[in-house]
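Peer 1: What shape does this take:
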Amino acid sequence: MAIQPVSGLDQVLQTAAPARAMAKPANSPEPVPVSTPPPTKPSAEQVQEAVREIRRVIEPVAQNLQFSVDDESGRTIVKIVDGSTKEVVRQIPSEEVLAIAHALDRLKGVLLKQKA
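Peer 2: Prediction:
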């Protein structure tokens, strides 16, 4: 089975992890990192759009992969699905981990209310 290149994936990966620019002053032998503004948290719509784009790029190659976003926590979920039975073979993060994350988020809110 030959591995097919995924068109558009390189562009997604390049925009996801930009390289830090380096500047070299004229009198300095070592490059100095150029300060970059801190990354901003993407909006829910931006995350949904990124998931749609990943689905579009991956669909022709890997039909057994499903990408989604957990509504409550905003975490990206990847599911590996059996093609014939449509049964979820593996989910990352698992349902148990998502349940723990939801419980911790609720607990964090209760602790903040009690502290105030």
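Peer 1: Which positions within the longest helix along the chain qualify as buried?
Peer 2: Counting residues, the longest helix found in the chain (DSSP state H) is helix 95-115. Using 16 or more other C-beta atoms under 10 Å as the test for burial, helix 95-115 gives Leu98. Just so you know, the C-beta spots here come from the backbone N, C-alpha and C atoms, and that holds for glycine as well.
Peer 1: Equivalent analysis for stretch 85-98, please.
Peer 2: Buried residues in stretch 85-98, counting neighbours by 16+ other C-beta under 10 Å, are found at 91, 93, 98.
Peer 1: Distance check, the last one against Asp105.
Peer 2: In this case it means Leu98. Distance of Leu98 to Asp105, given as C-beta to C-beta, to the nearest Å: 11 Å.
Peer 1: Next, show the common contact partners of the two.
Peer 2: Ser73 (C-beta atoms under 8 Å, 6 or more residues apart in numbering).
Peer 1: Done for today, thanks.
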